[in-house]
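1. A predicted structure for the sequence below; I have some questions about it.
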Amino acid sequence: MKVFISHAHQDAALAARVAQALKVNGLEAWDADTNLLPGDNWAAEVARALEESEAMVVLLTPDAIDSGWVLREIEYALGAKNYSNRLIPVVVGDRKRLPDTGIPWIVRRMPWIELHEGQGGLPEVKPIADAIRSAA
């Protein structure tokens, strides 16, 4: 299953580690900072990845809440049939640091997964992988 990782540009290193950990858990992960190459048509490649993916993991950080791109990606996932019940909000750090006003109301009502560091420097993504698989 292909998983789109939505994140703020400032969280690129974390998104790459999450993508790697998801791959270790048998999922194909796509994030812009890892998969886009210089000279690629950024908008076209992101659009293609959104259309081809079957689940979305949204890394919720203060920077992500302020990102218009992350908000648009969430809105796309909420309206796309291929993401039905497979939009996975993942809070990074203390949830209390995130302002409710920047998060779409429907996402605030979804169950969130807390991201913790696992062994070997990779984030512990088994709960994320399990949530994606159980919704498939």
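-> Sure, I can see it. Residues are numbered from 1 along each chain as shown.

2. C-terminal to the worst-scoring helix or strand of the chain on mean pLDDT, what's the next element?
-> One helix or strand of the chain scores below all others by mean pLDDT, DSSP states H and E: strand 123-124, with a mean of 74. Counting by DSSP states H and E, the next helix or strand C-terminal to strand 123-124 is helix 126-135.

3. Asp33 touches Gln10, doesn't it?
-> No: contact criterion C-beta atoms under 8 Å: Asp33 and Gln10 do not qualify, at 10.4 Å. Using the backbone N, CA and C atoms, a C-beta is placed for each residue, glycine as well.

4. residue ranges with poor pLDDT in this structure?
-> Confidence mapping of the chain against pLDDT under 70 gives the ranges 117-123, 136.

5. what about the nearest residue to Arg133 once chain neighbours are set aside, how many neighbours?
-> Leaving aside its chain neighbours, Arg133 sits nearest to Met1 (7.6 Å; criterion: C-beta to C-beta, 6 or more residues apart in numbering). A count of neighbours around Met1, defined by other C-beta atoms under 10 Å, yields 16.

6. From Ala129, how far off is Met1?
-> Per C-beta to C-beta, to the nearest Å, Met1 is found 9 Å from Ala129.

7. Next, the residue lying farthest from the centre of the chain: secondary structure please.
-> Distance from the C-alpha centroid of the chain peaks at Gly39, with 23.9 Å (C-alpha atoms, centre = their mean). The local conformation at Gly39, judged by DSSP: H, G, I helix; E, B strand; the rest coil, is coil.

8. what about Lys96, how many neighbours?
-> 7.

9. any idea how far it is from Ala131?
-> From Lys96 across to Ala131, the span is 22 Å (C-beta to C-beta).
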